[in-house]
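S.K.: have a look; sequence and predicted model below, questions after that.
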Amino acid sequence: MARVRGLGRVGIYVRDLDRMVGFYRDVMGMQVTKQNWRHGIVFLSADAATVDHEIALVRGRPAGEEPRLIHQISLRVETLDDLRDFRRRLLAEGYRIDQIVNHGSALGCHFFDPEGNRTEVFWLTGRACWVPHSDPIDIEQSDEAVMADVDRVWRRIGHVPVGGVMEAETATLGSGG
């Protein structure tokens, strides 16, 4: 049976193709793998040797105050130090970080790219859990303190199976709330 193994790609309509390519290439460290400027499309990959693109930037985003064309782009990093590095780089470049959270299974730094698309850089903690959960966390603590916080959250939610619901949520769901 076929199954999803990770993020394949995300397509984003953009207003300023040059600026968005620069962000994903220069700030996020991705590689341009395919481009057709005449048609207004550029593909980028985090690992061009194994996947031709994870992000497609396409000119033509409609005007408006805050069009919501995507929910979130999630990009995995290899280490906790990589996550810290991205946080620092984003702040140094003036990007707004929305939140840094402990999902139990991952730590995520949520921010907004130049056109306001919600994006997450995340690190897998090695603690499998299936609850959509987000506790704030300070990733600048020591590795030991970060992992103690991960384990605290994991002890609370790690027992919930795929598609399951935490007991506290079950009581709320059962009461119609």
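M.R.: Okay, I see it.

S.K.: what are the ranges of the helices in the protein?
M.R.: 17-22, 80-92, 143-157, 167-174 (DSSP state H).

S.K.: format the ones you listed as JSON lines; extra columns: mean neighbour count and distance to P62.
M.R.: Every C-beta, even on glycine, is put in place using the N, C-alpha and C of the backbone. Output for those, formatted as JSON lines (neighbours: other Cβ atoms under 10 Å; distance: least, Cβ to Cβ, whole Å):
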{"stretch": "helix 17-22", "mean neighbour count": "16", "distance to P62": "15"}
{"stretch": "helix 80-92", "mean neighbour count": "16", "distance to P62": "26"}
{"stretch": "helix 143-157", "mean neighbour count": "16", "distance to P62": "39"}
{"stretch": "helix 167-174", "mean neighbour count": "10", "distance to P62": "37"}
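
S.K.: and those helices, which one is worst for confidence?
M.R.: Note on the helices of the chain: helix 167-174 shows the lowest mean pLDDT, a mean of 44.

S.K.: ok, the nearest residue to K34 once chain neighbours are set aside - contacts?
M.R.: Counting by Cβ to Cβ, 6 or more residues apart in numbering, K34 lies nearest to F43, which is 4.0 Å off, once chain neighbours are set aside. Residues near F43 by Cβ atoms under 8 Å, 6 or more residues apart in numbering: 32-35, 52-53, 55-57.

S.K.: on that earlier part again, the helices of the chain: which one's closest to D135?
M.R.: Smallest distance to D135 across these (Cβ to Cβ): 5.5 Å, for helix 143-157.

S.K.: quick one, that closest one and helix 80-92 angle?
M.R.: Put simply, helix 143-157 runs at 100 degrees to helix 80-92, going by axes from the mean of the first three to the mean of the last three Cα atoms, to 10 degrees.

S.K.: where do the strands sit along this protein?
M.R.: Remark: strands assigned in the chain by DSSP state E are 10-14, 31-36, 41-45, 55-59, 73-77, 97-102, 106-112, 118-124, 135-136.
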